[in-house]
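Peer 1: Dropping the sequence and predicted coords here.
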Amino acid sequence: MDFRFTEEQLMIQDVARRIAQEKIAPSAEHHDQTGEFPLENIRTLGENGLMGIEVPAEYGGAGMDPISYVLAMVEIAHADAAHSTIVSVNNSLFCNGILKFGTEEQKQTYVRAIAEGKEIGAFALTEPQSGSDATAMRCRAVKQADGSFKINGKKSWITSGPVAKYFVLFAMTDPDKGARGITAFLVDGDRDGFHRGKTEPKLGIRASATCEIEFEDYIARPEDVLGEEGHGFKIAMGVLDAGRIGIASQAIGIARAAYEATLEYVKERKAFGQPIGAFQMTQAKIADMKCKLEASLLLTLRAAWQKGEAEKSGGRFSNEAAIAKLTASEAAMWITHQAVQIHGGMGYSKEMPLERYFRDAKITEIYEGTSEIQRLVIARNETGLR
Ligand code: CAA
């Protein structure tokens, strides 16, 4: 057991911190207010290897380990959560699945452009009537005589949907088989039969564009199938295990930004003749914020380490990822709530970023598996019951 980071890990953390502070943080308020997609910053992140952190160099990425991914994500989310959502989906939900299950040709075609930040990737699982219960999907892919699939249906809440070129899509190929009847496809948003709906107005992460997408007789060629036919649900769940580490890291970045702002404020702001940080009620909050932050980071690094081990042994890290995401997202919500409270009126004002941190933190308890789903995954693992 060694708590020190390697030189490579520190190097990528440093690159991410520099871009986050120099490019992302100064425009975070603008992106939050306008909801404008930060394409230029995403290109810069891609040029510096941050859109494919764990992607090997031969496919256009930085070739780093899962710990590096956590460190970079925390820095980006610390500057702006919306940017980190786009980074997380590209890295964990898009590139990760294709690297694990894709053919050599799929890796060259789809991973390279996304890892280099030249194109944006997206993950299409959720539907209007199926979120947590992912197997209840209605999107159908019907096999044709020539081996291709005709796809019809709707997907909702697609992160980066309005701007993405490529999508990992999950569709039902054999409804009688439930989870075992789902297949994963690689979809090109420029092809016929693919339509984008309106962009969703959201409470937080406003610059990460989200929309519904629709398939109308979209033809997926046999070479567009990712992994084996009928293995789509397991691919989705495995990819989400990695995604949950990304969201835990995002939660830590948001929470750390709120915590640091609060630490400064309690030393400067005076009430009743002394800095408010000298009051025990404030001190208790600071201590609890710090503990939750540290615990979240350690659990997330542990999950990332476990992911690296699982990649060597073929094992799973579902429980570690769920524990990290649940702990970090609930910590972020609690910490940003306390940060707003300690800042009082200034915490509620749009003149300071505290209310943005509070709004941004909420999504980490919802997407890539709600806190309720994380509890279900953990409890099933612990008890062996379902
Ligand atoms: N890795 C690999 N395989 C897995 C797995 C995992 N993590 N989890 C389950 N499986 C396998 C099971 O072993 C089982 O395999 P067999 O058929 O061989 O036995 C199969 O998948 C079915 O598993 P379950 O019976 O456990 O499935 P379930 O229907 O009970 O669902 C669930 C389990 C945990 C509730 C799951 O549906 C889930 O995680 N739901 C949440 C979905 C989610 O996270 N959605 C987020 C949307 S994406 C998003 O937010 C992206 C974005 O844009 C930011």
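Peer 2: Perfect, thanks for sending it. Residues are numbered from 1 along each chain as shown.

Peer 1: okay, which residue of the protein is out on the far edge from center?
Peer 2: residue 273 (44.2 Å; CA atoms, centre = their mean).

Peer 1: contacting residues for it?
Peer 2: Taking CB atoms under 8 Å, 6 or more residues apart in numbering as the contact definition, residue 273 lies against nothing. Heads up, the C-betas are built off the backbone N, CA and C, glycines and all.

Peer 1: Residue 275 is in contact with residue 267, correct?
Peer 2: Yes. Residue 267 lies in contact with residue 275 (CB atoms under 8 Å); the separation is 5.4 Å.

Peer 1: Tell me the buried residues in the helix or strand where residue 255 lies?
Peer 2: Taking DSSP states H and E as the definition, one finds residue 255 inside helix 232-268. Within helix 232-268, the residues that qualify as buried are 232-259, 261-262, 265-266, counting by 16 or more other CB atoms under 10 Å.

Peer 1: roughly how far out does it sit from the chain middle?
Peer 2: Centroid separation between helix 232-268 and its chain, computed with CA atoms, centre = their mean, to the nearest Å, is 9 Å.

Peer 1: cool, stretch 260-275 as well?
Peer 2: Worked out by CA atoms, centre = their mean, stretch 260-275 lies 33 Å from the chain centre.

Peer 1: Pull it out as CSV, backbone CA atoms only.
Peer 2: Output of stretch 260-275 as CSV, limited to C-alpha atoms (Å, rounded to 0.1, in the frame of the first residue of the first chain):
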residue,chain,number,x,y,z
GLU,A,260,-11.9,25.8,-0.5
ALA,A,261,-14.2,28.9,-1.0
THR,A,262,-15.7,28.3,2.4
LEU,A,263,-12.4,27.9,4.2
GLU,A,264,-11.3,31.3,2.8
TYR,A,265,-14.6,32.9,3.7
VAL,A,266,-14.8,31.7,7.3
LYS,A,267,-11.4,33.3,8.0
GLU,A,268,-12.4,36.7,6.5
ARG,A,269,-16.0,37.1,7.4
LYS,A,270,-16.6,38.6,10.8
ALA,A,271,-19.6,38.4,13.1
PHE,A,272,-20.0,39.3,16.7
GLY,A,273,-16.4,40.7,16.7
GLN,A,274,-14.6,37.6,15.4
PRO,A,275,-14.1,35.5,12.2
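
Peer 1: give me every residue that touches residue 229.
Peer 2: 173, 183.

Peer 1: thinking again about what came up before, which SSE is immediately downstream of the helix holding residue 255?
Peer 2: strand 270-271.

Peer 1: Can you give the contact residues for that next one?
Peer 2: Strand 270-271 is contacted from outside by 276, 279, using CB under 8 Å, 6+ apart.

Peer 1: Paired strands for it, with orientation please.
Peer 2: With DSSP bridges as the criterion, the sheet partners recorded for strand 270-271 are strand 274-275 (antiparallel).

Peer 1: Surely residue 3 forms part of a strand?
Peer 2: No. Counting by DSSP: H, G, I helix; E, B strand; the rest coil, residue 3 falls outside a strand, being coil.

Peer 1: Thanks again, I'm all set now.
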